[in-house]
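K.L.:
below are the sequence and a predicted model; questions follow.
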Amino acid sequence: MQHLTRKRSATSVLLMLNVAEKYGIHRDQCLEDTGLTPELLASSNVEIQPEQELKLIENLVDQGADESLAVEIGRHYHLTSYGIFGFAISTSPNVRAAVELGLHFLPLTFAFSHFRMTESEPLAYMVVDADHLGAKVRRFVVERDMTAMLCMHQEIFGQAMPLEGLTLQWDKSDNPSLYASIYPREPHFNQEENRVAFLQQLLDLPLPTANEQSRTIFVAQCQDLLQKRHSEHGTAVKVRDYILANIDQGISMDDIADDLCVSLRTLRRQLKEEGTSFRALTDEVREMLAVHLIQETTLTMEQIAIRLGYSDTANFFHAFKRWTGFPPKHFRR
């Protein structure tokens, strides 16, 4: 949930305002109680709090906006809307690399949903959820983010990505053609997960705009941008730095609280106010280091697990799959 704690570009808000206006929802209604004004949004390079965008979505729902508006908004997110992130995705060598990069740099997108990929031959699945958000905005957010993801894939390929199935958690829509633009058949409703299914072999398809030299540059810029956003948070960045320096020594919150000269209760409260936790930061550091060590060194998985503070390689494998949706071997390959 850490991408919900950082400021974001106002591009997404402006896009939603434009589409909502076409649906007869006035800008003043959209912006009510968000702290945003048309004048502020007109400023160049303005950044907003994620809570402000979520409040705008809540306003849309209160104005009667349904899934058709959410899907229509999602269809307006183009690769160019994502800036450097979009360029990095499009220059990836194949679909798998694009997915891995997209999941890693998800905080740089406008998505509020959580994404993860699982594989069970012959299919692969992209699972999308917003269970961490309030019930009022949850469906709208998933509809928007899932549609945006599928439209981005369509832009990369130059045609719609062949899908094998679409399952959704909610009731069947009254609009039978609602999903026709992203999925030609009838979705399955009232399912356990919001999930897009496609053939696993599609992950190996090369992308027509692949360019390794450009991708290296764009990925480095994405990493710089992500690091810049990390550094905006006082306590969280101090805790992250401490974890990074002591990752292989069995860190506890008590150790960090002593180092920062605060009580354990105060540390926990400060992290909560910044939208994160000790466990989330530990996972973040471990994931970042794990990917680096797997890709850039010849260390065995057992050696990497020890460096990350795991006494059992199996626990490391389980954690890595939870973070990325992939086993470690995929990143090494």
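P.N.:
Here it is on my side, so go on. Every value quoted in this text rests on a predicted model; they were computed, and no experiment measured them.

K.L.:
buried set for the longest helix anywhere in the chain?
P.N.:
Longest helix in the chain by number of residues (criterion: DSSP state H): helix 135-157. Buried residues in helix 135-157, counted by 16 or more other C-beta atoms under 10 Å: 137-153, 155-157. Quick note: C-beta positions are derived from backbone N, CA and C, even for glycine.

K.L.:
show me what that helix is packed up against.
P.N.:
Contacts defined by 3 or more C-beta pairs under 8 Å, 6 or more residues apart in numbering; DSSP states H and E place helix 135-157 against helix 50-62, helix 67-74, helix 84-90, strand 123-129, strand 194-199.

K.L.:
following the helix or strand encompassing Val239, which helix or strand shows up next?
P.N.:
Using DSSP states H and E, Val239 sits in helix 234-245. Where DSSP H and E defines the elements, the next helix or strand beyond helix 234-245 is helix 253-260.

K.L.:
and the nearest residue to Asp204 once chain neighbours are set aside, bridged to which residues?
P.N.:
Leaving aside its chain neighbours, Asp204 sits nearest to Asn94 (5.8 Å; criterion: C-beta to C-beta, 6 or more residues apart in numbering). On the basis of DSSP bridges, Asn94 is bridged to Pro206.

K.L.:
spatially central residue in this structure, please.
P.N.:
Using C-alpha atoms, centre = their mean, the residue of the chain that lies closest to the mean C-alpha position is Leu106, 3.2 Å off.

K.L.:
is it true that that one touches Arg116?
P.N.:
No. Using C-beta atoms under 8 Å, Leu106 makes no contact with Arg116, being 9.9 Å away.

K.L.:
what comes up buried for the following helix or strand past the longest helix of the chain?
P.N.:
On the C-terminal side of helix 135-157, the nearest following helix or strand under DSSP H and E is strand 165-167. Buried residues in strand 165-167, counted by 16+ other C-beta under 10 Å: Leu166, Thr167.

K.L.:
numbering from 46 from now on, please.
P.N.:
Sure thing, new numbering starts at 46, so read that last one as strand 210-212.

K.L.:
which strands or helices does strand 210-212 pack on?
P.N.:
Packing contacts for strand 210-212, counted by 3+ C-beta pairs under 8 Å, 6+ apart, involve strand 239-244.

K.L.:
need the residues that contact the strand it packs on.
P.N.:
Residues outside strand 239-244 that contact it (C-beta atoms under 8 Å, 6 or more residues apart in numbering) are 167-174, 187, 191, 194-195, 206-214.

K.L.:
now stretch 188-206
P.N.:
Residues outside stretch 188-206 that contact it (C-beta under 8 Å, 6+ apart): 112, 115-116, 118-120, 122-124, 127, 131, 134-135, 143, 155-158, 160, 171, 173, 175, 208, 227-228, 239, 241, 243, 247, 252-254.

K.L.:
which residue lies farthest from the center of this structure?
P.N.:
The centre of the chain is farthest from one residue, Cys306, which by C-alpha atoms, centre = their mean lies 33.6 Å away.

K.L.:
rewinding a little: for Leu151 and Arg161, list the residues in contact with both.
P.N.:
With contacts taken as C-beta under 8 Å, 6+ apart, Leu151 and Arg161 have no neighbour in common.

K.L.:
once you drop chain neighbours, what's closest to Ile93?
P.N.:
Here the nearest residue to Ile93 in space, its sequence neighbours aside, is Ala55; by C-beta to C-beta, 6+ apart that works out to 5.1 Å.

K.L.:
give me the pLDDT for the one you found.
P.N.:
pLDDT recorded at Ala55 is 87.

K.L.:
what sits against it?
P.N.:
By C-beta under 8 Å, 6+ apart, the contact list for Ala55 reads Leu81, Leu86, Val91, Glu92, Ile93.

K.L.:
now Glu238
P.N.:
By C-beta under 8 Å, 6+ apart, the contact list for Glu238 reads Val172, Asp174, Thr212, Gln214.

K.L.:
can you show me the CA trace of the longest helix of the chain as CSV?
P.N.:
Provided in CSV are the C-alpha atoms of helix 180-202 (Å, rounded to 0.1, in the frame of the first residue of the first chain):
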residue,chain,number,x,y,z
ALA,A,180,-16.2,-0.3,0.0
LYS,A,181,-17.7,2.7,-1.7
VAL,A,182,-14.8,3.2,-4.2
ARG,A,183,-13.5,-0.4,-4.4
ARG,A,184,-15.4,-1.5,-7.5
PHE,A,185,-14.9,1.7,-9.4
VAL,A,186,-11.2,1.6,-8.7
VAL,A,187,-10.8,-2.0,-9.9
GLU,A,188,-12.9,-1.4,-13.0
ARG,A,189,-10.8,1.6,-13.9
ASP,A,190,-7.4,0.1,-13.2
MET,A,191,-8.1,-3.3,-14.8
THR,A,192,-9.4,-1.6,-18.0
ALA,A,193,-6.4,0.7,-18.1
MET,A,194,-4.0,-2.3,-17.8
LEU,A,195,-5.7,-4.2,-20.6
CYS,A,196,-5.8,-1.1,-22.8
MET,A,197,-2.0,-0.5,-22.2
HIS,A,198,-1.4,-4.1,-23.3
GLN,A,199,-3.4,-3.4,-26.4
GLU,A,200,-1.3,-0.4,-27.3
ILE,A,201,1.9,-2.3,-26.8
PHE,A,202,0.8,-5.1,-29.2
